[in-house]
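Undergrad: A predicted structure for the sequence below; I have some questions about it.
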Amino acid sequence: ATDHGDAIASHGGHFDKNSHMSEEVMRVPYAMSWKGVIAPHQSDDHLVFTCDTAPTMMDAAGLSFRKGCDGQSLLPLARGEKAGWRNSLMCESYGHGYGCTIISRLVYKDGWKYVVTEHDLEQLYDLGKDPYEMNNLSQDPAFFPKRDELRDELRKLMKSSGDTVDPDWLISSARKTYEE
């Protein structure tokens, strides 16, 4: 088991993870071990998330869900079967509570990260060039095509997961400039 911690003092002093979706909060190590089935000392950079845990356990038991679920079994990746794995991933947050709900979604795709949080500035990062997310490209007109592509990917992933939040509402609720 692992935990992403509280992101204390990351990105200018955020005290707790709340709805903050920085890499310090989102990138969590995932480790698996199964003697005789999973070769030891592997490392993999494919997009995985906690929703993959239940289908992986069901797969290991020789079972499957009767109805679909958001995750996929990680056993094919662990066996080296990389073809056909997801190329994008959506994560969601409703905040930490404390009497309020803050809706956030993010999408990873092809080394890029797009984050939209209600009433906050959209975020767009090229993680290959900016792994510490220091240069938000969402306001740079040169990157509007990439931002729009990832908005569309987010809409697609929200729909396919049955997300009850309207993606167009969420995107329109986000601040578009630093001045707002």
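TA: Good, I have the coordinates. Numbering: from 1, shown residues only.
Undergrad: what's the weakest-modelled helix or strand in this protein?
TA: Lowest by mean pLDDT, DSSP states H and E among the helices and strands of the chain is helix 23-26, with a mean of 71.
Undergrad: please pull up the helix or strand immediately following that one.
TA: helix 53-60 (DSSP states H and E).
Undergrad: residue ranges of the strands in the chain, please?
TA: 88-93, 104-109, 112-117, 123-126 (DSSP state E).
Undergrad: and the shortest one, what does it pack onto?
TA: This means strand 123-126. strand 112-117, helix 144-161 (3 or more C-beta pairs under 8 Å, 6 or more residues apart in numbering; DSSP states H and E). (Each C-beta comes from the backbone N, C-alpha and C, glycine too.)
Undergrad: any idea which of the strands of the chain is most buried?
TA: Most buried of the strands of the chain by mean neighbour count (mean count of other C-beta atoms under 10 Å) is strand 112-117; its value is a mean of 24.
Undergrad: ok, Asp59 - contacts?
TA: Ser73, Leu75 (C-beta atoms under 8 Å, 6 or more residues apart in numbering).
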